[in-house]
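>>> Have a look; sequence and predicted model below, questions after that.
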Amino acid sequence: MGKILFRDFKIFNGTEFIEGREVLVGDGKISKVGKDLDSSDADVIDGYGKILSPGFVDLHAHFRDPGGEWNEDIGSGARAGAAGGFTTLIAMPNTRPAISEPSLVEYVLSHGKAAGASRILPSGCVSKNREGKEMAELLKMAEAGAVFFTDDGAPIATSSLFRLALMYTGKDRPRIMEHPEEISLFKGGQVHEGKVSALSGLKGIPAASEEIDVARGIALARETGGRVHFTHLSSAGALGLIRQAKKEGLDVTCDTTFHHLTLNENAVINSGYNSRYKVNPPLRSIGDQAALWEGMLDGTIDAIVTDHAPWHMDEKDEPFQDAPFGIASLECAAAVLIDFKNKNYPDVPLELILKQMTSSPASLLPEKWQSLGRIEEGAIADITVIDMERTRIVDCSEWFSKARCCPWEGIALTGWPVMTFLEGRKIWQDNEDL
Amino acid sequence: MPSEVGQIVWRHRNVIDVDCFTREELYFLLDQARHMENVMDRPIKKVPVLRGKMAVNLFFENSTRTRVSFELAEKMLSADVVNWSVSGSSQAKGETMRDTAWTLEAMGADIVVMRHGAVGSAQYLASKLKRAIVLNAGDGTHAHPTQALLDLYTAWKHLGNLEGKKIALVGDVLHSRVARSDIIAFKTIGCDVVLSGPPTMMPREINSLGCRYEIDPKKAVENADMVYLLRIQKERQQDGLFPSVDEYHRWWGADDNLMKYAKPGALAMHPGPINRGVEIASEVADGHQSVILEQVRSGVAIRMALLYLCGGGVR
């Protein structure tokens, strides 16, 4: 594989911007970061001041494969990720069948590789067949390449299973990812319990549903010394519990989503209850949204994820109450967040959100993948180029993803990924970026 | 023309909820309903304003009275009427609602009146139709605009200008599309709206609805001009929202004693069908303050007015 020299870029190294350097890539690795590098046998890419970032790492995406390929498959998901600047995507295991044995972990890995786009890393279920009863073969799945264990789509069914899994996996195995929700408070729920449920009559999902399960997970992490990662945090209360637990020194981490950072329940109301805003956990109050930004600033939140949940239009394009939960966003998530930040939080440094899309989530992966999310010598050459001046209108009809609607359809956003490289090989480029 | 009614230009095609109307538009609509009610008293109950128009009553949920009320209104306006009842839920998936909408339009429907169990369904249908208009006859727990309008009309006929009048809504607000639309309609027209009922049947964040809540119905009803009893679905008791029908009736059921706290001559209202001995005692339902049957009559008049104004009668 040939060498590439990236010249005249503003380089974000995973933590901060570094000035006046060039990046040389060869053999799928970053071979040099420095000044006036030798370009004699390399293709040169001139950045004209664009940003060079480590490829984005998404800890939480759904690809419906196996079992729901008309909604998305691993190939379409991997291509969608590349077009969104994501080079590593963690596939959730709540497929049909659920990914709860090593052969299925291998299935996800091999189909991901065959797609030739973003890197797909599988997660495995905590429980066999995701039934919430017996522990799945966690060690075999880890050996096959699973990077997280989760029963996502649902919380781990019982506290005893949760506790056993934490004890069994300990500190040197993939982390347990918990979908925080108290099921008895969810039953039939559709939207955030608050203003939107009062106005619509739709059954509310109280924030307490999330808080209760986070409290359970923290108690079990404290007791076992295990590591818990809480995913798609949506509420101020749950975030407060995690902040406390981190202060206490427990090994708990969390992520929130692009849509919870940029939308709240008012979007559901103002849309006249359009199903494209239907998601679980639900879009919560303005106060919750503001609390998530506080959590970003003070480091309580470790990662930003898409929770990419694609549906075929025949399933998603229904009246609100009849439609399934889920927002598909891989191909616009980064732009959605950059545009929102610049308009609403202009003082928040860009490196803060980029860090939570790159080095910070990568640090939660197993040892083998720790060099992801960084631009430094010897690191895997996953690179995303961002053009902060680029303005594009979100048009789902052009997506690689099979999903054909999202909350931002038709909206002009500024600040887009324009080129994506995986292990030094270009896997996507914005057609208009020459 | 009563003083509160002015002349306006009607700008609405679809009616998804009453929040689209201004106070002036509401009074204009009420005044139109008054003319329509006169038609109901004629020996030949028919005017030709919708002649040649096709109205489809698309009912995904059983509701004989709402459907019959719309059908009578459409027929008195000379529309051609088709009743399309879809048994079972749309989740049973014979057809997506999008396909249903396109089918209706292909057949040439001008007016679609829809009742559906899902919140947001009327808005959804309207977004898929290019030509036909949509009147929401109830979308899940969200809205029931024609019920709220007929309630307003009934109150207006009895009380005149409604500015500053007090209405108490008592019962299951949480699951009630009638309550949601009534709250908006009565507030828009300038009434003081107070809610009462079991706390388990009230939405959280009631203040986002813009009205007060009193757990004690006597306090809610105190000095009210209108006492509106909401229907209690007995299956809510199985959901555990209240312990027994008897306990509900003792606390929140309307009897003569509760009505004493309201203004003398206050109206007793109910959207029907009534559960005697649950939310309302027979002494109130059949008493001299009850306007429940007038509400039914008002329903036909107000639906005629709405069909006339939105359905092309004025174009």
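That came through fine. Numbering: from 1, shown residues only, chains lettered A, B, ... in the order given.

>>> now the helices for the chain?
No chain specified, so I'll use chain A. A:74-83, A:102-115, A:138-144, A:159-169, A:195-200, A:207-224, A:236-248, A:258-262, A:265-270, A:286-297, A:313-316, A:333-344, A:350-355, A:359-362 (DSSP state H).

>>> I was after chain B.
B:23-40, B:64-76, B:97-106, B:121-128, B:145-159, B:177-188, B:217-221, B:235-238, B:245-252, B:256-259, B:282-285, B:292-310.

>>> Excluding chain neighbours, give the residue nearest to the residue in the stretch 201-350 of chain A positioned nearest to chain B in space.
Residue nearest to chain B within the stretch 201-350 of chain A (Cβ to the nearest Cβ): residue A:201, separated by 2.7 Å. Yep, even glycine has a C-beta here, placed from its N, CA and C like the rest. The spatial neighbour of residue A:201 that comes closest, neighbours along the chain excluded (Cβ to Cβ, 6 or more residues apart in numbering or on different chains), is residue B:141 at 2.7 Å.

>>> what about dumping the CA coordinates of stretch A:344-355 to PDB?
What follows is stretch A:344-355 as a C-alpha-only set of coordinates in PDB (Å, rounded to 0.1, in the frame of the first residue of the first chain):
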ATOM      1  CA  ASN A 344     -25.600  27.000  20.700                       C
ATOM      2  CA  TYR A 345     -22.300  26.500  22.600                       C
ATOM      3  CA  PRO A 346     -19.800  28.600  20.600                       C
ATOM      4  CA  ASP A 347     -17.500  28.700  23.600                       C
ATOM      5  CA  VAL A 348     -17.200  25.000  23.900                       C
ATOM      6  CA  PRO A 349     -13.900  24.000  22.200                       C
ATOM      7  CA  LEU A 350     -14.300  21.800  19.200                       C
ATOM      8  CA  GLU A 351     -11.600  19.400  20.600                       C
ATOM      9  CA  LEU A 352     -13.900  18.500  23.500                       C
ATOM     10  CA  ILE A 353     -16.600  17.000  21.300                       C
ATOM     11  CA  LEU A 354     -14.000  15.500  18.900                       C
ATOM     12  CA  LYS A 355     -12.300  13.800  21.800                       C
END
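
>>> Now do it: distance to the chain's middle.
For stretch A:344-355, the distance from its own C-alpha centre to the chain's C-alpha centre is 17 Å (Cα atoms, centre = their mean, to the nearest Å).

>>> before we move on, the earlier item: Serialize the helices of chain B to JSON lines and add fields for mean neighbour count and distance to residue A:180.
What follows is the helices of chain B, written out as JSON lines (neighbours: other Cβ atoms under 10 Å in any protein chain shown; distance: least, Cβ to Cβ, whole Å):
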{"stretch": "helix B:23-40", "mean neighbour count": "19", "distance to residue A:180": "45"}
{"stretch": "helix B:64-76", "mean neighbour count": "20", "distance to residue A:180": "42"}
{"stretch": "helix B:97-106", "mean neighbour count": "17", "distance to residue A:180": "33"}
{"stretch": "helix B:121-128", "mean neighbour count": "24", "distance to residue A:180": "31"}
{"stretch": "helix B:145-159", "mean neighbour count": "24", "distance to residue A:180": "38"}
{"stretch": "helix B:177-188", "mean neighbour count": "25", "distance to residue A:180": "31"}
{"stretch": "helix B:217-221", "mean neighbour count": "20", "distance to residue A:180": "38"}
{"stretch": "helix B:235-238", "mean neighbour count": "12", "distance to residue A:180": "29"}
{"stretch": "helix B:245-252", "mean neighbour count": "16", "distance to residue A:180": "35"}
{"stretch": "helix B:256-259", "mean neighbour count": "16", "distance to residue A:180": "45"}
{"stretch": "helix B:282-285", "mean neighbour count": "18", "distance to residue A:180": "48"}
{"stretch": "helix B:292-310", "mean neighbour count": "23", "distance to residue A:180": "46"}
